[in-house]
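1. Generate a structure from the sequence data that follows.
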Amino acid sequence: MRNLKLYFLPIGAIALLLWCLLFASSVYGSTPTEAVTLTPQEFATLKTNFDTLESTINNQLTTINELEMQLRVAKLSTSEQKNELIEALSLINEQRTQLTEARNLLQKQEQMLNEQRLSLAKAEVYLNERKKEIHKAKMEQRKSKLLNILLGGTVIYLAAKN
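-> Reported below is the predicted structural model:
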């Protein structure tokens, strides 16, 4: 019974992680109506979170491998315990598959974040170009106003002179 507690504690933690990943995948799978733009700071935070989660998944996969090794040793026990351990092994294998799928999903999300970061950088370049064009247009407008004032003054001067 004590051995089972040792096996089901990480399994419970993994189940909680999988629940979180399923929640995240439902949000990820939905189709947004607008493009998501992230600031570089938000992107860095998300990247850090994804790296941490991937590290956690790798650690849990290592724990699963260690548990499998312990399970193989424990198979030498009684037949009742042997049946329970076989069930635990199938759960562990199932969870390993789910964790691998979760890692693949994280990699896809990371790729999407990189694409969004590039899009954000392009948008920033475009915005800077527009700001320069607006500045140039304002300068041209000032020049036009000054020229109109100068021409108007000249016309008034010439009209007054005649």
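2. Which strands or helices does whichever strand or helix holds Asn104 pack on?
-> Assigned by DSSP states H and E, Asn104 belongs to helix 79-161. With contacts taken as 3 or more CB pairs under 8 Å, 6 or more residues apart in numbering; DSSP states H and E, helix 79-161 sits against helix 2-29, helix 40-74. Every residue, glycine included, has its C-beta placed from N, CA and C.
3. Lowest average confidence across the ones you listed, which one?
-> Mean pLDDT values for these show the minimum at helix 2-29, a mean of 60.
4. now Arg96: how far from Leu61?
-> Distance from Arg96 to Leu61, counting by CB to CB, to the nearest Å: 7 Å.
5. Please disregard the earlier target; I meant Glu34.
-> From Glu34 to Leu61 the distance is 36 Å (CB to CB).
6. between these two, who's got more neighbours?
-> Leu61 (16 against 5; other CB atoms under 10 Å).
7. For that one, give its distance to Gln70.
-> 15 Å.
8. do the same with Lys47
-> Here the criterion is CB to CB. By it, Lys47 lies 35 Å from Gln70.
9. Also Lys132?
-> Relative to Gln70, and taking CB to CB, Lys132 is found at 66 Å.
10. what about the two, which has more around it?
-> For the pair Lys132 and Gln70, the greater number of neighbours falls to Gln70 (14 against 10), based on other CB under 10 Å.
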